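**Student:** Got a predicted model here, sequence first, then my questions.
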Protein chains: 2
Amino acid sequence: MTTLAVVGLGLIGGSIAKACVEQKLFAQVIGVDKSAQTGKFALNNKIVHKFSVDLSIVEQADLIIIATPVLAFFSIFKHLAQLKLKANAIISDAGSVKQSVIEAAQILAAKFTNFVPAHPIAGSEQSGITAAISSLFLNHQVIITPTAQTNANACEQVSNLWRKLGAKVTFMEAKKHDQILAATSHLPHLLAFALVDSLAKNDQSLAIFNYAAGGFRDFTRIAGSDPQMWRDIFISNKNEVLSNLDTFMTDLTKLKQALIAQDSDFILASLRNAQGARSYFAQILAQRNKE
Amino acid sequence: MTTLAVVGLGLIGGSIAKACVEQKLFAQVIGVDKSAQTGKFALNNKIVHKFSVDLSIVEQADLIIIATPVLAFFSIFKHLAQLKLKANAIISDAGSVKQSVIEAAQILAAKFTNFVPAHPIAGSEQSGITAAISSLFLNHQVIITPTAQTNANACEQVSNLWRKLGAKVTFMEAKKHDQILAATSHLPHLLAFALVDSLAKNDQSLAIFNYAAGGFRDFTRIAGSDPQMWRDIFISNKNEVLSNLDTFMTDLTKLKQALIAQDSDFILASLRNAQGARSYFAQILAQRNKE
């Protein structure tokens, strides 16, 4: 593979391109984005070798990675289906949702077997090309969710690329991916956005933000994430997000009832269970950082 | 004031004692805790000069600061009322809730005028004497909520002590304090505990924690906080916590309905509002850290 095209130069796409340029993994790294200004920044900062606002430039590429917000995928796939791509061109993505992306990718028709659905679990509350860093994927996980039709060689090439960027690759069914990510990422983001939105509407919002301390900062940091990207994720993974949200609201309502009843034991048991799980999670993370 | 007694040597109490010993603000710093082991650690690590499991030792003190979980306050106040304290001994606290603490403090009877209700907004998901650090209050806010009966000189002395520990002191009505803290601290903690508890009960909890990344860590860090302390806070500030929780659940339900209806504009507007408020809060924090 000599030419990589990254479609969508945000934090994720920009970081992929930047890492590939720095590590010289491709003779040429092309960036595509609807914003010419983003392209200018990418070129000036050596994040890409070449840039175009026109998707047809990907006809030159051996590997095309789509890294736009996920609701834009369908029209990109549709456009790709009409382009004259290289014979064995591989198409992959960095979307946080996999079932709906795979469904949208069906429009690739004959090219669908060369589509490798992938999700790098990385990111931050920063967004956009200016936040791109080549070490973003180091020690992070990338989940690849091949379908029964996915070409094994294409899958292998995409996995190898991610490993070169420092990521740990695991394989999973798309449905399981969407269930797990709904719980571990989508629901927490939804709650953080909802809480900050709710507090901002409060009469005392000014005092609230003035007297908030560190814990609140941690809790709300993820509410600084890109709204459009997250709107797309919530809608694309609607069923799993709603299912997790319902479970959470049921559990939260139980805790609320316990508080109304001043059921001290129930409350303490819930908090202890959470603290225990949180300690377990902290250990996993510490272990992962050591590896 | 030559002698300070700190009742409850956890993260907050331990940090107050340690800072006062290091800065030599008192000739003598006495620690009181029901755990003799905690006392041993405090003495060995020069966090206190003297230690006792028996509260009566505070009869030697000019200033007594109560830093136990708040539901223990009433019995401590009751005991203090019976002790032969120094004539002008000042009593203060570090509780995260103020209205119920002031109510409990009424049992101090004649000594109530010398009670200065205070709340240092500091802490972390670490707890216990082993986490105590003398810089814990540096650049943090301390809210003092005097009542109409509070002695002005006592109030002044407590404020000065906090300023010496690097904190910024503000004054506020207890009711307003409890409303603001319910929104900015108690509700976020309740949600983080509830979310981690809920996810830990999920069939896929192992996979959830395995694939969780940085944003989740930030979000759930506060669920690692001390369960008993937080149980006490939720119960002591029940009405304000429930009121904020109700508002949040109403807003969350609206967002859920929008997701069911795929009302893309409503969702995007909520997320943008949250992101804007979050940026504003980040600016406040950055400004505060510069000061």
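**Tutor:** Received the coordinates, thanks.
**Student:** Nearest residue to the middle of chain A?
**Tutor:** Central residue of chain A (C-alpha atoms, centre = their mean): A:S96, 3.8 Å from the mean position.
**Student:** Tell me who's in contact with the closest residue to A:L4 other than its chain neighbours.
**Tutor:** Leaving out its chain neighbours, the residue that sits closest to A:L4 by C-beta to C-beta, 6 or more residues apart in numbering or on different chains is A:F26, at 4.4 Å. Just so you know, the C-beta spots here come from the backbone N, C-alpha and C atoms, and that holds for glycine as well. Going by C-beta atoms under 8 Å, 6 or more residues apart in numbering or on different chains, A:F26 touches A:1-4, A:20, A:62-63.
**Student:** So which of those residues belong to strands?
**Tutor:** Using DSSP state E, A:3-4, A:63 are the members of the contacts of A:F26 that sit in strands.
**Student:** where do the helices sit along chain A?
**Tutor:** Using DSSP state H, the helices of chain A run over A:11-22, A:36-44, A:73-82, A:99-105, A:152-164, A:174-181, A:187-200, A:205-211, A:214-221, A:227-236, A:238-260, A:264-290.
**Student:** Can you flag the weakest of the ones you listed by average pLDDT?
**Tutor:** Lowest mean pLDDT of the helices of chain A: helix A:214-221, a mean of 76.
**Student:** Buried residues, it. List them.
**Tutor:** Going by neighbour count (16 or more other C-beta atoms under 10 Å in any protein chain shown), the buried part of helix A:214-221 is A:214-216, A:218-221.
**Student:** ok, and which of these reach chain B?
**Tutor:** Among the buried residues of helix A:214-221, the residues within reach of chain B (C-beta under 8 Å from any C-beta of the partner chain) are A:214-216, A:218-221.
**Student:** Redo the residues you listed as JSON lines? Include distance to B:G13.
**Tutor:** Shown next, in JSON lines, are these (distance: C-beta to C-beta, whole Å):
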{"residue": "A:G214", "distance to B:G13": "19"}
{"residue": "A:G215", "distance to B:G13": "19"}
{"residue": "A:F216", "distance to B:G13": "23"}
{"residue": "A:D218", "distance to B:G13": "23"}
{"residue": "A:F219", "distance to B:G13": "25"}
{"residue": "A:T220", "distance to B:G13": "28"}
{"residue": "A:R221", "distance to B:G13": "29"}
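**Student:** of those, closest to A:I57?
**Tutor:** Distance to A:I57 across these (C-beta to C-beta) is lowest for A:R221, with 35.9 Å.
**Student:** right, and the closest one touches A:E125 too?
**Tutor:** Yes. A:R221 is within contact range of A:E125, at 5.1 Å (criterion: C-beta atoms under 8 Å).
**Student:** Need the residues touching each of the two.
**Tutor:** B:215, B:278.
**Student:** Report the separation between the residue nearest to A:L4 and A:I90.
**Tutor:** For A:F26, the distance to A:I90 equals 12 Å [C-beta to C-beta, to the nearest Å].
**Student:** so what sits against both of those two?
**Tutor:** A:1, A:62-63.
**Student:** out of those residues, which one sits closest to chain B?
**Tutor:** For those, the residue nearest chain B by C-beta to the nearest C-beta is A:L63; the value is 24.3 Å.
**Student:** show me the contacts for the closest one.
**Tutor:** Per C-beta under 8 Å, 6+ apart, neighbours of A:L63: A:1, A:3-5, A:26, A:89-92, A:157-158, A:161.
**Student:** one more time with 6 Å, if that's ok
**Tutor:** By C-beta atoms under 6 Å, 6 or more residues apart in numbering or on different chains, the contact set of A:L63 is A:1, A:4, A:90.
**Student:** could those residues go into JSON lines alongside pLDDT and neighbour count?
**Tutor:** Shown next, in JSON lines, are the contacts of A:L63 (pLDDT from 0 to 100; neighbours: other C-beta atoms under 10 Å in any protein chain shown):
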{"residue": "A:M1", "pLDDT": "88", "neighbour count": "16"}
{"residue": "A:L4", "pLDDT": "98", "neighbour count": "26"}
{"residue": "A:I90", "pLDDT": "98", "neighbour count": "25"}
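**Student:** My guess is A:S225 contacts A:Q126. True?
**Tutor:** No. A:S225 sits out of contact with A:Q126 when judged by C-beta atoms under 6 Å, with a separation of 8.5 Å.
**Student:** For the two, work out which one has more neighbours and name it.
**Tutor:** More crowded of A:S225 and A:Q126, by other C-beta atoms under 10 Å in any protein chain shown: A:S225, with 23 against 13.
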